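# What follows is a predicted structure for the sequence shown.
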Amino acid sequence: MKIQRRSFIAAMAAMAACAACAADPASAPAGKEELLKWFLDNVYGHAPIGRPKDMTFAGNSIVFGGGKMKVDLTVALPASASKEKPCPVLVMGDFRTWNNGMRDDASSKKQKQQQDDIDAFVVSRGYAIVHYNLNEATPDQPRRRELEALKKAGKPLPPYAYGLFEVYGGEKDRTATSWGTIRSWAWCHSRVLDWIEAQPMLDAKRVAVLGHSRLGKTAICAGVTDPRFKVVYSNASGCGGAKLNRMDLPRSEHIHQITRGFPYWFCQNFNAWRGRDKEIPHDQDEWMGLIASPTRYLYVASGSTDHWAGPAGEKAAAEGAAKAWEALGLKGMGGHVGYHCHEGPHDLGVRDVKLFLDFCDTRL
Ligand code: GCU
């Protein structure tokens with residue numbers, strides 16, 4: 001079913017008039033639900049389950065999937081955190097996810113340093129940070145290949161040898177709308193939020209989700225699918241994240257490139273849009289606009305020379321998404337939506353996190 005952009009804006013305006021909807025996004029008018037369904041059917045895929053009944057917490061670990069799944073969280077708390085004064089929290093996929101545990105090369109060392117610097121900075125600003133290796137949820141495809149090689153060689157497997165695709169569904173049961181890796185990682189971010197709700201030192205009502213690049217795509221997906229995330233920050237997320245598909249940006253990544261390079265990140269139906277970026281009926285501004293509510297916020301950032309991610313397309317999508325807040329009678333850009341573009345390449349550094357936390361300080 002094709003949903004006209006008009007009907008989305010009308011649905012947002014109807015929400016503005018509906019106090020109950022504002023308090024409970026699940027009761028939003030049909031336009032919003034239909035739009036969400038379109039994106040899940042065509043781009044990200046559907047999660048087969050919600051919160052697993054068998055999920056348990058053991059210290060900083062989350063265990064579920066009949067004991068096959070164990071996600072170990074790295075948690076850094078500010079000195080100010082206490083049970084009497086729980087602190088706001090940032091959730092992110094570990095910046096070291098690509099290489100964590102498998103390699104020890106120069107780029108891994110740089111990523112580890114970047115994550116450590118971000119953690120120290122976040123904590124110094126009075127926020128807690130919780131991150132984890134996303135391979136423990138669903139191995140990114142290169143990790144899968146490495147797992148296969150280890151299996152063949154009869155070597156011991158790392159703890160994340162299973163993954164959500166195997167535990168909930170299995171490859172053979174996949175359909176054209178089954179979840180891709182990004183949706184599965186976003187689902188796992190929600191499980192981290194479940195864990196945060198059980199921590200007395202952390203304020204589960206003040207949680208932001210953020211990420212860089214593929215993890216920025218994941219942060220938006222988590223924010224759209226789980227209204228408990230109050231602020232959503234996508235850094236250099238590009239195609240499948242904050243970049244508009246329909247905008248003419250020849251140097252940026254297009255649907256045919258991302259679905260060939262990383263087909264497993266999305267549902268199978270996304271392949272149908274190869275070479276048809278400009279025809280896609282709903283673009284990423286509408287995807288991010290689904291986060292809009294009087295109590296929720298969006299932040300997008302780019303790098304000026306990150307042509308692959310398409311900074312102009314990310315900025316335009318943030319401005320487009322801001323219209324969803326405006327339809328609720330709220331201030332879009334500079335109000336519920338923030339944006340910055342750092343000078344330089346595809347990167348997430350302390351300079352970006354600083355600007356993001358400046359945004360959060362008055363909103364989270
Ligand atoms: C590739 C991919 C991008 C992705 C990036 C990353 O460059 O084409 O879509 O954002 O990897 O996650 O590092």
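Thanks, I have it. Numbers count the residues shown, from 1 in each chain.

# Relative to Asp352, how far out is Val209?
Val209 is 15 Å from Asp352, where distance means Cβ to Cβ, to the nearest Å. The C-beta positions use only the backbone N, C-alpha and C, and glycine is treated the same way.

# For these two, indicate the residue with more neighbours.
Set Val209 next to Asp352 and count neighbours by other Cβ atoms under 10 Å: Val209 wins out with 29 against 23.

# Just say helix, strand or coil for the more buried one.
strand (DSSP: H, G, I helix; E, B strand; the rest coil).

# That one: what's it in contact with?
Contacts for Val209 (Cβ atoms under 8 Å, 6 or more residues apart in numbering) come out as 90-92, 189, 219, 222-223, 229, 231-233.

# Of these, which belong to helices?
The helices, defined by DSSP state H, take in 189, 219, 222-223 from the contacts of Val209.

# Out of those, flag the one nearest to the ligand.
Nearest to the ligand among those: Ala219, at 11.8 Å, using Cβ to the nearest ligand atom.

# Give the burial count for that closest one, as a bare number.
Neighbours of Ala219 (other Cβ under 10 Å): 31.

# can you redo the contacts of Val209 as CSV with distance to the ligand and pLDDT?
Listed next are the contacts of Val209 as CSV, based on distance: Cβ to the nearest ligand atom, whole Å; pLDDT from 0 to 100:
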residue, distance to the ligand, pLDDT
Leu90, 19, 98
Val91, 18, 98
Met92, 13, 96
His189, 16, 98
Ala219, 12, 98
Ala222, 15, 98
Gly223, 17, 98
Phe229, 20, 98
Val231, 21, 98
Val232, 16, 98
Tyr233, 15, 98
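
# Could you dump these into a markdown table and include distance to Gln113?
Listed next are the contacts of Val209 as a markdown table, based on distance: Cβ to Cβ, whole Å:
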| residue | distance to Gln113 |
| --- | --- |
| Leu90 | 18 |
| Val91 | 21 |
| Met92 | 16 |
| His189 | 24 |
| Ala219 | 21 |
| Ala222 | 25 |
| Gly223 | 27 |
| Phe229 | 27 |
| Val231 | 25 |
| Val232 | 26 |
| Tyr233 | 21 |
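
# Now the spatially most central residue of the chain. Nearest residue, chain neighbours left out?
For the chain, the residue nearest the mean C-alpha position is Ala219 (1.5 Å; Cα atoms, centre = their mean). Spatially, and ignoring its direct neighbours in sequence, Ala219 is nearest to Gly211 (4.0 Å; Cβ to Cβ, 6 or more residues apart in numbering).

# related to what we said a few turns ago, adding distance to Leu164, write the ones in helices among the contacts of Val209 out as JSON lines.
Formatted as JSON lines, those follow (distance: Cβ to Cβ, whole Å):
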{"residue": "His189", "distance to Leu164": "12"}
{"residue": "Ala219", "distance to Leu164": "18"}
{"residue": "Ala222", "distance to Leu164": "14"}
{"residue": "Gly223", "distance to Leu164": "19"}
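
# Which of those ranks first by neighbour count?
Most surrounded of the ones in helices among the contacts of Val209: other Cβ under 10 Å gives Ala219, at 31 neighbours.

# Surely that one is in contact with Leu134?
No. With contact defined as Cβ atoms under 8 Å, Ala219 does not count as touching Leu134 (11.5 Å).

# And the strands in the stretch 51-200 of the chain?
56-58, 61-64, 69-72, 74-76, 87-93, 128-132 (DSSP state E, counting those that start in this stretch).

# between these, which one is nearest to Gly338?
Evaluated over those, closeness to Gly338 peaks at strand 87-93, with 14.9 Å, by Cβ to Cβ.

# What strands line up against that closest one, and which way round?
Using DSSP bridges, the strands paired with strand 87-93 are strand 128-132 (parallel), strand 202-212 (parallel).

# Save these as TSV, and put in distance to the ligand and mean pLDDT too.
Output for these, formatted as TSV (distance: least, Cβ to the nearest ligand atom, whole Å; pLDDT from 0 to 100):
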stretch	distance to the ligand	mean pLDDT
strand 128-132	16	97
strand 202-212	7	98
